[in-house]
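Undergrad: Give me a 3D structure for the following:
(one chain, ligands or ions: 3)
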Amino acid sequence: MGSKPASTKLTKFVDPLPILKTLKPKRMTKDGPYYEVIMEEFEQKLHRDLPPTKVWGYNRQVPGPLIEANKGEPIQVKWMNNLPTKHFLPVDTSFHAHEMPEVRTVTHLHGSETPQPSDGYPEAWFTKDFEEVGPFFEREVYEYPNHQRATMLWYHDHAMGLTRLNNYAGLAGAYIIRDKWEESLNLPKKEYEIPLIIQDRSFNPDGSLFYPQQPDDAADNLPNPSIVPAFTGDTLLVNGKVWPYLEVEPRKYRFRILNASNTRSYQLQLGAGLSFYQIGTDGGLMRRPVKLETIPMQPAERIDVIIDFSNMKGKELILMNNLGENASPEDETNEVMKFKVTRPLSGEDRSVIPKILSDFRSLKHNKITSNRIVKLVGSADEFGRPLLLLNNKKWHDPIEITPELGSTEIWSFMNTTNFTHPMHIHLIQFQILERQPFDLERYNEDGQIIFTGPPKPPEPHERGWKDTVAAPAGQMTRVIGKYAPYAGHYVYHCHILEHEDYDMMRPFRVVDRHGGTGSSFTNRNHH
Ligand code: C2O
Ligand code: CU
Ligand code: CU
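TA: Ligands and ions are numbered 1, 2, ... in the order given. Down below sits the predicted model:
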């Protein structure tokens, strides 16, 4: 229960990588396949040498089952909460928690273009059997239209004030949209296409998950004296196993990698002089593949890569996480998983890395309706506890961002803090325009923004559709997006879940000036 986990020396690469199982629909309906997903508490073996760990998962799996859909074919999912009424992780009962039940859930499909009633608004939470619901609760069965480009999205819990704990407990899973175009490209498929969900966790010696407790300093009479500003675990898991290995054939594989960690970012590298061929970003295929030695991944970002093991027969290869020069030698998170090229080739590898992957328009040429600055700022609450805010506003402040339905806007994430925040916008996939450094010291002195260099184009690994963008300290990160196809209430936030829960999240509203709100949503009893 202290602030440091008991050291957990776990042997690396002793468990095989779990392959995600695709969820089967309960039945077919006139509105497409209908799925049911139940959130439950159970125990799962996360490493050979760890006793089973208490987790929360979807359909008794951590990560949750893989949901696969085809472009243009809607699906329905009933997300059901069958969790205990007490959390097993340390809940902060003071913040955004007044009069809310201790255990509440709502599922968001990250990166999707979903009508607002099914987007998983943080205050659309519900408890076990829908006995209690949040002020924004809309419906029990969510509908996903799947009309966007083929890509890997992910679903995860988004309950107000609990997102960090519910995700850490295990409530996250992958969701793939497929389309005919991608199918025609002859990329590695079936057993040669493997989603990898990377997360970090710490364990107590009894195998239970460790998450820091907010110091319980009753003496100074604060509701909660301190908040957890960031959390990184000391072990890395892929698809729910600590440091697993995967046996592969000497051929090309396609890996769909998701960073589903709360706070931790990665710098992925391959040993043995191998490179990644990146073919996709958050929102699907890039225009052309890029060959990369290192790919940085902020929380919630996805990359779609091909690794070619054909010259590696009989060898082993580590997927590494470059911790940089200052890393302590005891830090074992410099390795993610191991590939063993030990399986015989089961037939000629006819898959290819196409020269041209896809085509899409740059949004730069659209008419830009608004240029907005979103300031990322460090602040404090009335007790002096640190908070991170967007535009100096808290969650319950009135909405100031109201893009018109169908309009194209540029949002400039101006980061006045000292570290990178992965900024995520619901509803849309956007494009990164540029990043421009400004004088942070000067800004903190007198509020002047003085640029110290020219704008830089996005990095090679982010030249595609994105829903989450690294916004580094002292830079203006500009993204362009078209606010469509739905009107309604959505949110944007930092995807460091400890930041998101401590107010680095704000609502915005897409307004249809011609056709009402475009959603059945009514703000029933919001302040
Ligand atoms: Cu992945 Cu609003 O979240
Ligand atoms: Cu999202
Ligand atoms: Cu942040």
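Undergrad: Count the neighbours of Lys252 for me.
TA: 20 (other Cβ atoms under 10 Å). All C-beta spots, glycine's among them, are computed from the backbone N, C-alpha and C.
Undergrad: ok, now the one 4 residues further on?
TA: Summarising burial for Arg256: neighbours were counted as other Cβ under 10 Å, giving 21.
Undergrad: The strand or helix carrying Arg288 packs against which elements?
TA: Assigning secondary structure by DSSP states H and E places Arg288 in strand 284-292. Under the contact criterion of 3 or more Cβ pairs under 8 Å, 6 or more residues apart in numbering; DSSP states H and E, strand 284-292 touches strand 276-281, strand 302-308.
Undergrad: For that strand, list every residue counted as buried.
TA: 284-286, 289-290, 292 (16 or more other Cβ atoms under 10 Å).
Undergrad: Stretch 407-418 now?
TA: 407-417.
Undergrad: Met160 reaches Arg104, doesn't it?
TA: Yes - using Cβ atoms under 8 Å, Met160 is in contact with Arg104, at 7.4 Å.
Undergrad: the more surrounded of the two?
TA: Between Met160 and Arg104, Arg104 has the larger neighbour count (other Cβ under 10 Å), namely 27 against 22.
Undergrad: OK, contacts around the more buried one?
TA: Contacts here follow Cβ atoms under 8 Å, 6 or more residues apart in numbering; on that basis Arg104 touches 81, 125-127, 132, 134, 159-160, 162.
Undergrad: nearest spatial neighbour of it, skipping sequence neighbours?
TA: Trp125 (3.9 Å; Cβ to Cβ, 6 or more residues apart in numbering).
Undergrad: partners of the helix or strand hosting Ile318, with directions?
TA: Assessed by DSSP H and E, Ile318 sits inside strand 316-321. Strand 316-321 has the following sheet partners, assigned by DSSP bridges: strand 266-270 (antiparallel), strand 335-340 (antiparallel).
Undergrad: burial measure for the residue nearest to Glu132 when sequence neighbours are not counted, as a count.
TA: Leaving out its chain neighbours, the residue that sits closest to Glu132 by Cβ to Cβ, 6+ apart is Pro101, at 5.4 Å. When neighbours are counted by other Cβ under 10 Å, Pro101 registers 16.
Undergrad: tell me the phi and psi of Pro101?
TA: Main-chain dihedrals, Pro101, degrees, to the nearest 10: phi -60, psi 150.
Undergrad: That one against Thr127, yeah?
TA: Yes - counting by Cβ under 8 Å, Pro101 touches Thr127, with 4.9 Å between them.
Undergrad: circling back to that earlier point, and which of the buried residues of strand 284-292 is nearest to ligand 1?
TA: Gly284 (16.8 Å; Cβ to the nearest ligand atom).
Undergrad: Distance-wise, check the closest residue to ligand 1 within the stretch 51-200 of the chain relative to ligand 2.
TA: With Cβ to the nearest ligand atom as the measure, His110 is the residue of the stretch 51-200 of the chain nearest to ligand 1, at 3.4 Å. Using Cβ to the ion, to the nearest Å, one gets 4 Å for the distance from His110 to ligand 2.
Undergrad: Could I get the contacting residues of that residue?
TA: 153-156, 300, 424, 467.
Undergrad: Make a markdown table out of the residues you listed and add distance to ligand 3, neighbour count and pLDDT.
TA: Output for those, formatted as a markdown table (distance: Cβ to the ion, whole Å; neighbours: other Cβ atoms under 10 Å; pLDDT from 0 to 100):
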| residue | distance to ligand 3 | neighbour count | pLDDT |
| --- | --- | --- | --- |
| Leu153 | 21 | 27 | 98 |
| Trp154 | 18 | 25 | 99 |
| Tyr155 | 21 | 27 | 99 |
| His156 | 16 | 24 | 99 |
| Ala300 | 11 | 24 | 98 |
| His424 | 10 | 23 | 99 |
| Asp467 | 16 | 27 | 98 |
